[in-house]
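S.K.: Dropping the sequence and predicted coords here.
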Amino acid sequence: MRQSYRLILGILAAALCMASVPGCGNKEAEQTREEIGEDKIRIGLSFDSFIIERWQRDRDAFVARASGELGAEVNVQCANGDVEEQIAQIEYLIDKNMDVIVIVAVDSARLSEPVKKAKRAGVKVIAYDRLIMDADVDLYITFDNERVGEMMAETIIARTPEKGRIFMMCGSPEDNNVSLVMDGFHNMIDRTEREIVETAYADNWLAEIGFSRVSEFLDGGGEADAYMCGNDDIASQVIRVLSERRMAGDVCVVGQDADLGACQRVVEGTQAMTVYKPVEKLARRAAECAVTLAKTEDLKTAGTFFDGTQEVPYIGLEPIAVTAANMDTVIEDGFHLKEDIYLNIGNELTVTVQDAEDEIGVMVQFSE
């Protein structure tokens, strides 16, 4: 009898666990529309992956706004960098009768057909952060990526010789944002006498490719005064190469996303700049737009963006260049804690020698 009782409790506990786990792409735990109510807005959210630090922030902010504050039901899927998996997930979300699907594209060029299929089914589609080409999405919302490239170039111009040499270690060529960032970068650099000595790409945003390509470049006798990195994850690998050769801090390295590690490197002096993109603001705005589209209400946008075939509604938020001089911008926004950013230098020992009336004294201070 006691064993039967324990068995029943175990089965009930397992069932409750399965029902409560939200997991990425957990189809078994999905509720039916009847269970959640016909009038509840349903939003599908398909991410490239969560390897990049910022995507976790985007997800959490989006879900908090859409579900916690606006009362929508959000189904989060993660493709783990596999475009075929993302296509399957989009089709799954269509079958689940989502009102809106928000997509962080793995491959900007290969999602046109599944997006068109969603639109034929009456599902609104938002391209989040990355444009989906030739798909006529209902909204493209992102940061101004050309401006990101310009900001990177501005920092490099300020910190390199007039005829300095630049290595461009870009992100994934399948990500349309990469070409936009490169356009902005070239728009500034090409006006100067600086030379881009090499351009490389990190397929599928694998940061380790940055390590191998820059290692090969330096081992082959290459020289660069600056490294433009597609994101902060790639920058971390480039700086790792430079550190092994005792060059970190001597050459200019720039990235984007304001990852914690990047902000630490900026104040430590091994990374010159990162581009901060207030992703919580972007994610919350996207959640609001998704609900507006689901309600078939008018969506106010700043203009349109050409997707290769047609102009699509566009919202572009302004990024912020962050150096050691204005790191407070990131801290005041609550993006990172001050003690975390300055973790490695927060208690740095400062020793000064004072000579007062022929007596030598030592004053020891700890910076806050």
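M.R.: Now that the structure is in, tell me what you want to look at. Residues are numbered from 1 along each chain as shown.

S.K.: The stretch 1-150 of the chain: strands as residue ranges?
M.R.: For the stretch 1-150 of the chain, the strands defined by DSSP state E, counting those that start in this stretch occupy 42-47, 73-78, 100-103, 124-128, 139-143.

S.K.: for the stretch 201-350 of the chain, same thing?
M.R.: 226-229, 252-256, 273-276, 303-306, 311-317, 320-322, 349-356.

S.K.: Quick one: closest of the strands of the stretch 1-150 of the chain to residue 159.
M.R.: Evaluated with C-beta to C-beta, the strands of the stretch 1-150 of the chain place strand 139-143 nearest to residue 159, the distance being 23.1 Å. For glycine as for every other residue, the C-beta is placed from the backbone atoms N, C-alpha and C.

S.K.: circling back to that earlier point, could you say which of the strands of the stretch 1-150 of the chain is packed most deeply?
M.R.: Ranked by mean neighbour count under mean count of other C-beta atoms under 10 Å, these are led by strand 100-103, which reaches a mean of 30.

S.K.: Centre of the chain to stretch 273-293, how far?
M.R.: The chain centre lies 11 Å from the centre of stretch 273-293; the measure is C-alpha atoms, centre = their mean, to the nearest Å.

S.K.: Low-confidence stretches in the chain?
M.R.: 1-38, 346-368 (pLDDT under 70).

S.K.: contacting residues for the residue nearest the centre of it?
M.R.: The geometric centre of the chain, computed from its C-alpha atoms, lies nearest to residue 54 (C-alpha atoms, centre = their mean), at 4.2 Å. Shown in contact with residue 54 (C-beta atoms under 8 Å, 6 or more residues apart in numbering): 257, 259, 277, 279.

S.K.: Could you provide the residues you listed in CSV, with additional columns for neighbour count?
M.R.: Output for those, formatted as CSV (neighbours: other C-beta atoms under 10 Å):
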residue, neighbour count
257, 23
259, 20
277, 24
279, 24
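
S.K.: which among the residues you listed gets closest to residue 344?
M.R.: residue 259 (14.8 Å).

S.K.: right, and residue 185 touches residue 168 too?
M.R.: Yes: when contacts are counted by C-beta atoms under 8 Å, residue 185 is listed as touching residue 168 (7.3 Å).

S.K.: list residues touching both of the two?
M.R.: Contacts common to residue 185 and residue 168, judged by C-beta under 8 Å, 6+ apart, are residue 228.

S.K.: Tell me which of the two has more neighbours.
M.R.: More crowded of residue 185 and residue 168, by other C-beta atoms under 10 Å: residue 185, with 25 against 22.

S.K.: mind listing what the more buried one touches?
M.R.: By C-beta under 8 Å, 6+ apart, residue 185 lies in contact with 149-150, 152-153, 168, 228.

S.K.: buried ones in stretch 106-113?
M.R.: Buried residues in stretch 106-113, defined by neighbour count with 16 or more other C-beta atoms under 10 Å: 106-112.

S.K.: Let me fix that, I meant to ask about stretch 172-191.
M.R.: For stretch 172-191, the buried set under the neighbour-count rule, 16+ other C-beta under 10 Å, comprises 172, 174-182, 184-186, 188-189.

S.K.: Out of the residues you listed, which sit inside helices?
M.R.: In helices, defined here by DSSP state H, the members of these are 176-182, 184-186, 188-189.

S.K.: quick check, residue 200 in a strand?
M.R.: Yes: under DSSP: H, G, I helix; E, B strand; the rest coil, residue 200 sits within a strand.
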